[in-house]
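Chemist: next come a sequence and a model predicted from it.
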Amino acid sequence: MSASSAVQPPSVLPDIPPEETQRVMRTLLMGMPWVGQAVYAVAKVGVPDALAGGPLPVAELADRVGADADALFRFCRALESLGLLEITAGKEIGLAPGGHLLRSDAPGALRHFVIVNGEESFRAWAEVLHSLRTGRPAFEKVYGTGHFAYMAEHPEAAESFNAMAGSGTAPAVLERCDVADASVVADIGGATGVVLASVLARLPEARGILQDLPQAVADAPAVLRKEGVEERCEVVGASFFDQVATGADVYILCRVLHDWNDEDALRILSRVREAMRPDSRLVVVDNMIPATPGFHPGKLADLQMLVILGGKERTLAECKELLERAGFRTVAEHLPEGPGPRGESAVEAVPA
């Protein structure tokens, strides 16, 4: 049986109201490369930074960022329709409030997120059928190697990726986890230490250990210094597949396990388990998928994990099962507060 004949369409289409057609069309338009790549191109050439001081005529803006004036206007007009830019009758371009988030000096990681997903990740998605048919990352098919191996050989791409991973904000759910009595907190796979710094800010007597690959923690001292916790932190540049720093009361894996398939995630958890004392506690934070129908960003992020990294977003039940397989016992669960797709979840576990 051919692929085209495997699924037969119904003989009679249901009566589809016009508003449903419009809704589907809008969803497709917003999800097509047109939107993401338009935002990427404008951010990459530096339009948001060039407009930080105020609106500019399109010709002057084009000179500043090295773009064709007519093409730039057309890109900016598209972003104006998305609420990121503003355009006057005289073709002066300015930033809308949301557009300021794409500046290089803006808090968070939106500019880095846009650039990372507009470059290597975007090219990998062109081979998405490879992931659908094989369950393997399309990234490997496009680049001939895994994502992290590629980053190790391409410093510019790694810089963007590490900046995205390391310049975000700490998840609010961490504030509900039981870490108040910890004397030493270890953030494993913590990049530049944003999450660890936020935890130590609430624990003025505690010390911290930050562990990630050497290139990932390269900017950590500056981040920790800015947050006033550098003197209380030890930075360890090492792979968590090899070993995990010992001596902590609380170990944090924040936005780490979703990068990896179950086999690799179990290897990471095993290394953490080896480093822990019997009375240590593990906190896992990820964008866990609810076991209910309807929209949730984790369901789309899960595809990104598959196509780019070979990882996966898990449900709470899947996360707990993984922890049990690695020799842990769940002692607390923290779901996002309030209805709808908001925030991340956390699971606290101890050695079984």
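Modeler: That came in fine, so what should we check first?
Chemist: which SS state does residue 185 fall under?
Modeler: strand (DSSP: H, G, I helix; E, B strand; the rest coil).
Chemist: from residue 12, how far off is the most centrally placed residue in the chain?
Modeler: Of all residues in the chain, the one closest to the mean position by CA atoms, centre = their mean is residue 165, 6.5 Å from it. Residue 165 sits 50 Å away from residue 12, going by CB to CB, to the nearest Å. (Glycine included, C-beta is placed from N, CA and C.)
Chemist: which ones are touching the residue nearest to the centre of the chain?
Modeler: 109, 191, 192, 216, 255 (CB atoms under 8 Å, 6 or more residues apart in numbering).
Chemist: correct me, but residue 96 touches residue 87?
Modeler: No - using CB atoms under 8 Å, residue 96 is not in contact with residue 87; the gap is 9.8 Å.
Chemist: between these two, who's got more neighbours?
Modeler: Neighbour count, other CB atoms under 10 Å: between residue 96 and residue 87, residue 87 has more, with 18 against 15.
Chemist: surely that one is in contact with residue 95?
Modeler: No - between residue 87 and residue 95 there is no contact under CB under 8 Å: 11.1 Å.
Chemist: returning to what we had before: helix or strand: which one has the residue nearest to the centre of the chain?
Modeler: helix 155-166 (DSSP states H and E).
Chemist: for that helix, what is the average pLDDT?
Modeler: Across helix 155-166, pLDDT averages out at 81.
Chemist: and stretch 262-275, what's buried?
Modeler: For stretch 262-275, burial by neighbour count (16 or more other CB atoms under 10 Å) applies to 265, 266, 268, 269, 271, 272, 273, 275.
Chemist: excluding chain neighbours, what is closest to the third one?
Modeler: Yep, that's residue 268 we're talking about. Closest residue to residue 268 apart from its sequence neighbours, by CB to CB, 6 or more residues apart in numbering: residue 240 at 5.4 Å.
Chemist: any idea how far the residue nearest to the centre of the chain is from residue 344?
Modeler: 15 Å.
Chemist: ok, residue 278 next?
Modeler: Distance from residue 278 to residue 344, by CB to CB: 28 Å.
Chemist: which one of the two is surrounded by more residues?
Modeler: residue 344 (18 against 6).
Chemist: ok, for that one, nearest residue in space, not its chain neighbours?
Modeler: residue 171 (4.5 Å).
Chemist: quick one, what contacts that neighbour?
Modeler: By CB under 8 Å, 6+ apart, residue 171 lies in contact with 195, 254, 255, 285, 343, 344, 346.
Chemist: mind checking how far the fifth one is from residue 336?
Modeler: Taking CB to CB as the criterion, residue 343 is separated from residue 336 by 4 Å.
Chemist: intersection of neighbour lists for the two?
Modeler: What both residue 343 and residue 336 touch, as defined by CB under 8 Å, 6+ apart, is the set residue 173.
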